[in-house]
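Enquirer: Here is my input, please return the structure:
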Amino acid sequence: MNFRVLGKGHASVVVAGVAKGNHVVAVKSRRTDGKRGSLVGEGLTMVEASRVGVAPKPLYYDDDLIVMEAIAGPSLGDMIAIHGVREWIIVEALRAARALDTIGVLHLELSRPWRNILYTGPHEGSKAMIVDYESSGRGCGNVTNLVGGLAKLRELRTLASLEKLRLRVREYKERCTRDLYEDIEEMVVNIIKNPHQHQR
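Expert: Presented below is the predicted three-dimensional model:
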């Protein structure tokens, strides 16, 4: 039997599979040589995240397996490689991060978001989904971590030097309010639309 490996980490391996009715699924399997004792906690976190529409829905989970909906589209890194830094790509990612913040699920890996954010397709209108909840906690900080990760892109490096944005990000991490998020999104979009205006 052939399996397509979708991802491999220190504690688990993710492969593509087929469920009843010929539905393609992703199957995360705990590595026996890893230090992780169970996938149940990750499964429960994914249930929460899927309820706000930003994670694959887990169809089954136990200590050793998570069977979930498959996200077929490209990663954030792939999308930028295909289209460049486009407003709709970045805004989708930011809004997915905001959705997690509203329910207090902290992903912990969004400062390196290139493989943890997948899209439902390669075209405009595709939805951003956040995957791999192996490292997760509670709190508000997904948007701030993602902005920090995006600032590593050459096209968005001015994010790190914009004082007003730094203040909003700091305040957002403490208060996690919608109005502060909207300010952050607006500032990021403005940099994408007017990159030369913000260059020193």
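Enquirer: For the protein, which segments are assigned as helices?
Expert: 40-51, 76-83, 87-103, 142-150, 163-175, 178-193 (DSSP state H).
Enquirer: now those as a markdown table including distance to Lys57, mean pLDDT and mean neighbour count?
Expert: Where you see a C-beta, it was placed from the backbone N, CA and C, and this is true even at glycine. Output for those, formatted as a markdown table (distance: least, Cβ to Cβ, whole Å; pLDDT from 0 to 100; neighbours: other Cβ atoms under 10 Å):
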| stretch | distance to Lys57 | mean pLDDT | mean neighbour count |
| --- | --- | --- | --- |
| helix 40-51 | 4 | 97 | 18 |
| helix 76-83 | 20 | 96 | 17 |
| helix 87-103 | 14 | 98 | 20 |
| helix 142-150 | 19 | 97 | 24 |
| helix 163-175 | 28 | 95 | 15 |
| helix 178-193 | 25 | 96 | 16 |
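Enquirer: Could you work out which of those reaches nearest to Lys127?
Expert: helix 87-103 (6.5 Å; Cβ to Cβ).
Enquirer: Between helix 178-193 and that closest one, find me the angle.
Expert: Relative orientation of helix 87-103 and helix 178-193, computed by axes from the mean of the first three to the mean of the last three Cα atoms, to 10 degrees: 160 degrees.
Enquirer: could the helices of the chain be laid out in TSV, adding distance to Lys127?
Expert: What follows is those, written out as TSV (distance: least, Cβ to Cβ, whole Å):
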stretch	distance to Lys127
helix 40-51	12
helix 76-83	12
helix 87-103	6
helix 142-150	16
helix 163-175	23
helix 178-193	16
